[in-house]
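Q: Just need the structure, nothing else, for what follows:
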Amino acid sequence: MAAKLFVGNLDLKTTRAELEALFGELGALREVFLPLDRESRQPRGFAFVEYESEDVARQAIERFDGHELGGRSLRVNPATDRPAGSGRPPSAGRSATPSYGPPRGGFGAGKPKGSRRNVRAKKRSL
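A: Take a look at the predicted model:
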C-alpha cells in the first residue's frame, strides 16, 4: 500500500530532482509532485511525495521533518485528502455563503437588488 506525504516550507528554487534524490535515500518512490502556480508557473512552496510502502513513509517523516533544504526547515507529515468537489476545504469560523452588506431586514429592505441600470430596465419593461 502506498503512502503519500506532504512536504511544506520548500524554497521556491527547489526542483523535483532534488526532492527525488533526498527522499529516494530511504526507499522506492512512486511519485513526486511539485505543484506550480497557475498564473506565474512558479513552484508553490510545497510538494507531495509518495512511497511504495507505509513503513518507509513513516521513516521519512521521522528523518526529514525539520531537515534543512535550501536554507529552510522542511515540514513533512502525512498528506490528507481534500473533500470531494471543493477547490478548498471549508474554513473554520466562516459561513459557506458570503455575506455582503447589511443583514436582510436592515436598512434598504425591500429594495430590488442589482445595479441602477438593471432596475430602470426592469421598470421600463413593465
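
Q: Any idea how far apart the tips of stretch 7-18 sit?
A: Distance across stretch 7-18, first residue to last, is 13 Å (C-alpha to C-alpha, to the nearest Å).

Q: So which bits of that stretch are buried?
A: Across stretch 7-18, burial judged by 16 or more other C-beta atoms under 10 Å covers 7, 10, 14, 18. Quick note: C-beta positions are derived from backbone N, CA and C, even for glycine.

Q: can you list these in a markdown table and add secondary structure?
A: Shown next, in a markdown table, are these (DSSP: H, G, I helix; E, B strand; the rest coil):
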| residue | secondary structure |
| --- | --- |
| 7 | strand |
| 10 | coil |
| 14 | coil |
| 18 | helix |
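
Q: now the helices: where do they sit in this protein?
A: Counting by DSSP state H, the segments of the chain that form helices are 16-23, 54-64, 116-125.

Q: Quick check: phi and psi on the residue lying closest to residue 71 once chain neighbours are set aside?
A: Counting by C-beta to C-beta, 6 or more residues apart in numbering, residue 11 is the residue found nearest to residue 71 once chain neighbours are left out, at 6.4 Å. Backbone torsions for residue 11, taken as degrees, to the nearest 10, come to phi -70, psi 140.

Q: List the residues that contact residue 11.
A: 45, 69-72 (C-beta atoms under 8 Å, 6 or more residues apart in numbering).

Q: In PyMOL, how would I select just the buried ones from those?
A: Buried residues within the contacts of residue 11, by 16+ other C-beta under 10 Å, are selected in PyMOL with:
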select buried, resi 45+69
